[in-house]
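1. Quick one, what's the 3D model for this:
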Amino acid sequence: DNGLLNIMVVDGDKEELDVIHSVIGEKGYAVSSCTYSYAELIKMIDRVGESIPAIMDAGVLISSVGEDVKNNCVVIGVEGCTKEDENKVRAIVDAPYITFADEERAEKKSTSIKGGYGIVSSNNGGCSKVGFCAENSSNVEGFIIAGHAGDLMYENFTYNGTTVGYVTATAY
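-> From the prediction side, this is the model:
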């Protein structure tokens, strides 16, 4: 906001500040204190990702999960998010820095990507083609891709830079 690089340091760690000053000098940036490290936020995002099957089983469809570095938290987006949804998620994964947002799911089966569209793996950058759109027995919408393209559970896939899905089941 002030046109400077803002470096956030957990609890104003003096040793960390000394290292920063020795490496990049005293000017051109601002330092502010935060409670949770970036690494801790990312670990929670991974934990939420690993817990998605259990969260889906609880009846909550997550639209997005991401770090909000500026506000030092992890934001979980749920379409039509209610306090009940928040409680269901917190029963599975919880931390004081998790917040929730009412966020529409970006992709719907009826209007989203279709068979033949190229998608990209967040794991290795490899491209694959969507086989066809599908819906499971819980009415969760998704798509089918080749097993060799999505063989890692929770591997994310993007289309035109937007995350459109992640691997929830594999079969060979």
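2. From now on I want contacts and neighbour counts done on CA atoms only, so please keep to that.
-> Fine.
3. Now do the buried residues in the lowest-mean-pLDDT helix or strand in the chain.
-> For the chain, using mean pLDDT, DSSP states H and E, the weakest element among its helices and strands is strand 132-135, scoring a mean of 74. Counting neighbours by 16 or more other C-alpha atoms under 10 Å, one finds that the buried residues in strand 132-135 are Cys133.
4. which secondary structure elements does that strand contact?
-> The contact analysis (3 or more C-alpha pairs under 8 Å, 6 or more residues apart in numbering; DSSP states H and E) places strand 132-135 against strand 141-144.
5. Which other helices and strands does the helix ranked longest in the chain contact?
-> What stands out as the longest helix in the chain, according to DSSP state H, is helix 38-50. Packing partners of helix 38-50 (3+ C-alpha pairs under 8 Å, 6+ apart): strand 62-68, strand 73-78.
6. tell me how far the least confident helix or strand of the chain is from the chain's mean position?
-> Relative to its chain's centre, strand 132-135 lies at 22 Å (C-alpha atoms, centre = their mean, to the nearest Å).
7. same question, stretch 71-89
-> Its chain's C-alpha centre lies 12 Å from the corresponding centre of stretch 71-89 when counted by C-alpha atoms, centre = their mean.
8. quick one: buried residues of it?
-> 72-79, 81, 85-86, 88-89.
9. Flag the least confident of these.
-> Going through those one by one, the lowest pLDDT turns up at Glu79, 85.
10. so that residue touches Asp85, yeah?
-> No - the criterion here is C-alpha atoms under 8 Å, and Glu79 misses it with Asp85 at 9.8 Å.
11. how about the strands of the chain, start to end?
-> Assigned by DSSP state E, the strands in the chain fall at 5-10, 29-34, 62-68, 73-78, 98-102, 118-121, 127-129, 132-135, 141-144, 156-159, 162-166.
12. ranking those strands by burial, who's on top?
-> Among the strands of the chain, judged by mean count of other C-alpha atoms under 10 Å, the one packed with the most neighbours on average is strand 73-78 (a mean of 22).
13. what about Gly131, neighbour count?
-> Counted with other C-alpha atoms under 10 Å, residues neighbouring Gly131 total 15.
14. which residues touch the closest residue to Asn160 other than its chain neighbours?
-> Leaving aside its chain neighbours, Asn160 sits nearest to Ile119 (7.9 Å; criterion: C-alpha to C-alpha, 6 or more residues apart in numbering). Contacts here follow C-alpha atoms under 8 Å, 6 or more residues apart in numbering; on that basis Ile119 touches Cys127, Ser128, Lys129, Val130, Phe157, Thr158, Tyr159, Asn160.
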